[in-house]
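Engineer: Predicted model and sequence follow; I will ask about them next.
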Amino acid sequence: MAKKEIIVAGILDTKGEEIKFLAERVRAAGGNATILELSVGHEVGWADISLSEVVKRVGKKKEDIFALDRNAASDLIASGAIKLVDELRKAGKLDGIIAYGGSMGASIATRVMQSLPIGVPKFMLTTMASGDVSPYVGTRDICMMYPIAEAGLNKVTRQVLNNAAGAIVGMASAPAMEGIAEKPLIGCMMFGVTTPCVLRASSIMEKAGYDVIINHAVGSGGRSMEELIRDGYITGVLDITTHEIGDEMLGGVLGAGPERMTAAGELGIPQVIAPGGLDLINFGPKNTVPERLLKETDQPGRGLYEHNPTVTCIGVSLDEAYRIGEHMAAKLNAAKGPSVLCVPMRGWGACDLARPNIELGWAGPGPGPVWVADTENPAWSRRAVEYVKALRATIDRNKDNLEVILVDKHMNEPEFAELMAELLLEMLKGSWKKGNKSDLPYVIPF
């Protein structure tokens, strides 16, 4: 079997000996190592791919780079390296990439890694792996490893680098998967409070011949889903859990950015959506919740729920639910493909229940911590009623590809999951028509 082509990258003017050793160990593990220079101080002259070759891809010379401050220089180096590794990949000269560095090296190298397709092995050794790695991982399948030390070759770091070299060669040499039929892929979003709905709906899709990818709706999950849709992986979307939109609007910690819930609409991908988890704004430990929100916990629906010592939730207020409805309606109005928003009127998740029900996610005692009953129909969530008012004022009712369905069920009741799955299956078969579920006994006129 031909040796796997491994790019070994780093800032060579400060980590040169460590990178040389890493490349040597890649070769010892059976790979063919090519050293890629990402230096920001000066060019070392011994790299397999020099910094000059890197920055040539962005129309610069090394002298241009070294005349800049390190931040500006790193941006140009990353841009050039992204183009260069793409050339190598397309030429069949890149089977995996590994890098070693501190914060600057990790910043440059992981930007390059993030540009590579999912499935290309990516391995980053950096002391930054002991903290928040979200800027380095982004939404890509990057493996982060803490190397103990930032620099120096010794009995500790040599062992760590040797292990990493074996890992990247092993990842690049993984056996081909045979005998597995590739099925069309359904994108789905889940959070703990919507798990019963998601698992039931996804099971229905799998029995119908689809694979389902269930992303965790924690910010990165939503961003990943939008990218997967834009990259052509996704055939249809069960966007059951959309609370990242609320967090983004209301200052929670699990926002997924302004592009959330846009890719499917722009590309015409069939989508069935629900306000799953939009009863909650998510924060870290209780002491991280803004004081103004803690002072409002006596207001209808504004209850506080400590999920665990590191996750605290505050209920979405009635005014906020209206604003979220307006925001989501605007996104849906722009959708080009078949799109249905299903609204469960009896609650949007395990914390949004009128009474304890372990099957729906809340063991009690009493109602869910953010439940607020509607004044006219106590079985309905008043939050849902306010949300629907915003939809009625904002949604484009003249679009044949867009529908809002009000459902006299809780989010986690089986009928709601079954409805969402059935709608998406009809869209994928081309048999869905607006209004074709209006005769169901639990569907309410919008």
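Structural biologist: Received, thanks. Numbers count the residues shown, from 1 in each chain.

Engineer: can you list the domains in this protein?
Structural biologist: Domain segmentation of the chain under automatic domain parsing yields 4-172, 185-444.

Engineer: The last one: how far from the chain's middle?
Structural biologist: In terms of C-alpha atoms, centre = their mean, to the nearest Å, the centre of domain 185-444 is found 16 Å from the chain centre.

Engineer: same check, this time on the shortest one
Structural biologist: Chain-centre distance of domain 4-172: 24 Å, with C-alpha atoms, centre = their mean.

Engineer: Bridge partners for M124, pull those for me.
Structural biologist: The partner list for M124 in beta bridges (DSSP bridges) reads A99, M144.

Engineer: Touching, it and A99? I think so.
Structural biologist: Yes - judged on C-beta atoms under 8 Å, M124 makes contact with A99 at a distance of 5.5 Å. C-beta here means a position set from N, CA and C on the backbone, and glycine is covered the same way.

Engineer: joint contacts of the two?
Structural biologist: Both M124 and A99 are in contact with 106, 109-110, 113, where contact means C-beta atoms under 8 Å, 6 or more residues apart in numbering.

Engineer: Any stretches of this structure with poor pLDDT?
Structural biologist: Filtered on pLDDT under 70, the chain yields the residue ranges 1.

Engineer: so what's the spatially most central residue of it up against?
Structural biologist: Of all residues in the chain, the one closest to the mean position by C-alpha atoms, centre = their mean is G221, 2.1 Å from it. Residues near G221 by C-beta under 8 Å, 6+ apart: 189, 215, 244, 256.

Engineer: neighbour-wise, which of the shared contacts of M124 and A99 leads?
Structural biologist: A109 (31 neighbours; other C-beta atoms under 10 Å).

Engineer: what about that residue, which helix or strand?
Structural biologist: helix 103-114 (DSSP states H and E).

Engineer: Show me what that helix is packed against.
Structural biologist: strand 4-10, helix 70-90, strand 96-101, strand 122-126, helix 134-137 (3 or more C-beta pairs under 8 Å, 6 or more residues apart in numbering; DSSP states H and E).

Engineer: now the ones you listed as JSON lines including mean neighbour count?
Structural biologist: Below are the helices and strands packed on helix 103-114 laid out as JSON lines (neighbours: other C-beta atoms under 10 Å):
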{"stretch": "strand 4-10", "mean neighbour count": "27"}
{"stretch": "helix 70-90", "mean neighbour count": "18"}
{"stretch": "strand 96-101", "mean neighbour count": "28"}
{"stretch": "strand 122-126", "mean neighbour count": "26"}
{"stretch": "helix 134-137", "mean neighbour count": "16"}
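
Engineer: Correct me if wrong: V343 contacts K409.
Structural biologist: No - with contact defined as C-beta under 8 Å, V343 does not count as touching K409 (10.0 Å).

Engineer: quick one: the helices in the stretch 301-446 of the chain?
Structural biologist: 318-333, 382-394, 414-429 (DSSP state H, counting those that start in this stretch).

Engineer: In CSV: the helices and strands packed on helix 103-114, plus distance to L304.
Structural biologist: Shown next, in CSV, are the helices and strands packed on helix 103-114 (distance: least, C-beta to C-beta, whole Å):
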stretch, distance to L304
strand 4-10, 46
helix 70-90, 41
strand 96-101, 42
strand 122-126, 37
helix 134-137, 26
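
Engineer: now the helices of the stretch 301-446 of the chain as JSON lines including mean neighbour count and distance to A354?
Structural biologist: Formatted as JSON lines, these follow (neighbours: other C-beta atoms under 10 Å; distance: least, C-beta to C-beta, whole Å):
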{"stretch": "helix 318-333", "mean neighbour count": "19", "distance to A354": "16"}
{"stretch": "helix 382-394", "mean neighbour count": "20", "distance to A354": "11"}
{"stretch": "helix 414-429", "mean neighbour count": "21", "distance to A354": "15"}
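
Engineer: JSON lines please, covering the ones you listed and showing distance to A67.
Structural biologist: Below are the helices of the stretch 301-446 of the chain laid out as JSON lines (distance: least, C-beta to C-beta, whole Å):
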{"stretch": "helix 318-333", "distance to A67": "45"}
{"stretch": "helix 382-394", "distance to A67": "52"}
{"stretch": "helix 414-429", "distance to A67": "55"}
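
Engineer: Among those, single out whichever gets nearest to I281.
Structural biologist: Across the helices of the stretch 301-446 of the chain, I281 has its closest neighbour in helix 318-333 (8.1 Å, C-beta to C-beta).

Engineer: Show me the contact partners of the closest one.
Structural biologist: When contacts are defined by C-beta under 8 Å, 6+ apart, helix 318-333 is touched by residues 242, 245-246, 249-250, 261-262, 265, 273, 275, 278, 300-301, 316, 339, 341, 372, 382-384, 386-391, 393-396, 399, 402.

Engineer: Could you do stretch 22-31 as well?
Structural biologist: So stretch 22-31 is contacted by 3-6, 8, 10, 32-33, 35, 95-96, 98, 100, 125, 161-162, 164-166, 168-170, 172-173 (C-beta under 8 Å, 6+ apart).

Engineer: Next: stretch 83-91.
Structural biologist: Residues outside stretch 83-91 that contact it (C-beta under 8 Å, 6+ apart): 5, 7, 36, 49, 53-54, 57-58, 94, 97, 112, 115-117, 120.

Engineer: go on, stretch 412-424?
Structural biologist: 186, 194-198, 200-202, 204-205, 208, 236-238, 240, 270-272, 274, 340, 342, 344, 346, 349-350, 359-361, 405, 407, 409-410, 432, 437, 440, 442.

Engineer: ok, the nearest residue to L267 once chain neighbours are set aside - contacts?
Structural biologist: Distances taken as C-beta to C-beta, 6 or more residues apart in numbering place I229 nearest to L267, at 6.5 Å, with adjacent residues excluded. Residues in contact with I229 (C-beta under 8 Å, 6+ apart) are 187, 237, 263-264, 267, 269.
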